[in-house]
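>>> My questions are about this predicted structure, shown below with the sequence.
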Amino acid sequence: MLRVESIETYYGKKQVLFGTSLEVREGELVALMGRNGMGKTTTVHSVIGILRPRVGSIYFDSRPISGLPSHRIAKLGIGVVPEGRQVFPTLTVRENLVATAANYGRLSRPWNVERVFELFPQLRQKVNQLGATLSGGEQQMLAIGRALMLSPRLLILDEATEGLAPLIREEIWRCLRQLKELGHSILLIDKNLDELAPLADRTYIMEKGRIVWEGAIAALTSTEDLRIRYLGV
């Protein structure tokens, strides 16, 4: 579904990605892991058109998307939950959701407001509340709901649980389990190996702008040396 081939991405003159390659197949949940500052978010920004790789190619459904503007990439069926949530602060919960409503993934059962409220009942209680007045956890739920309202074929989540209270993190992981059971294809950036272990089909680890390890997450959880070398602080 998504194929990233040997991309090199820069911020101005500073090179951040060095031949990064990864793929997400249909129905998979793929984890992208690594310490902070290793290029994970830059990889996401390269995929969704915020940054344009100078070298390499990116394909979605076998179609080249490198260099396309972000809005055209979204319309191909890619939904993004960005780091920092970035909900519309002066719109209500309902307005945040309907502002992006579409069926870009051409799903037989597209997402709508009621389905989002079934996934996150807490949001139903805040339906007329402004985005800026929600808690961090509620904003994250809303950001996920907003991305789902595109009815995407691929959902990308950048640091989905970072900085959230334990109870809210549990709610987000419950949501991700449910989405995987529904057959959604997901690329997930997160550091929580214990929660990822039962969910991720495959894992990539980034270090200094390169993919330095890939494989089944079971191999990562059972090998302490790998965890310390690439994920330890």
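Ah, there it is.

>>> just for this structure, where's the confidence low?
By pLDDT under 70, the weakly predicted segments of the chain are 233.

>>> For this protein, which segments are assigned as helices?
40-48, 70-75, 93-98, 113-119, 121-124, 136-148, 166-181, 193-196, 217-221, 224-231 (DSSP state H).

>>> CSV please, covering these and showing mean neighbour count and distance to G105.
C-beta here means a position set from N, CA and C on the backbone, and glycine is covered the same way. Output for those, formatted as CSV (neighbours: other CB atoms under 10 Å; distance: least, CB to CB, whole Å):
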stretch, mean neighbour count, distance to G105
helix 40-48, 23, 15
helix 70-75, 15, 10
helix 93-98, 20, 16
helix 113-119, 16, 14
helix 121-124, 16, 21
helix 136-148, 23, 10
helix 166-181, 16, 13
helix 193-196, 16, 24
helix 217-221, 17, 26
helix 224-231, 13, 32
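
>>> so which of the ones you listed comes closest to E26?
helix 166-181 (12.4 Å; CB to CB).

>>> about what we covered before: in JSON lines, list the helices of the chain along with distance to L154.
Output for those, formatted as JSON lines (distance: least, CB to CB, whole Å):
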{"stretch": "helix 40-48", "distance to L154": "9"}
{"stretch": "helix 70-75", "distance to L154": "10"}
{"stretch": "helix 93-98", "distance to L154": "19"}
{"stretch": "helix 113-119", "distance to L154": "18"}
{"stretch": "helix 121-124", "distance to L154": "23"}
{"stretch": "helix 136-148", "distance to L154": "10"}
{"stretch": "helix 166-181", "distance to L154": "12"}
{"stretch": "helix 193-196", "distance to L154": "18"}
{"stretch": "helix 217-221", "distance to L154": "19"}
{"stretch": "helix 224-231", "distance to L154": "25"}
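
>>> Ok, which of these comes nearest L29?
Proximity to L29, assessed across these by CB to CB, is greatest for helix 166-181 (5.1 Å).

>>> Mind giving me the packing neighbours of the closest one?
helix 136-148, strand 185-189 (3 or more CB pairs under 8 Å, 6 or more residues apart in numbering; DSSP states H and E).
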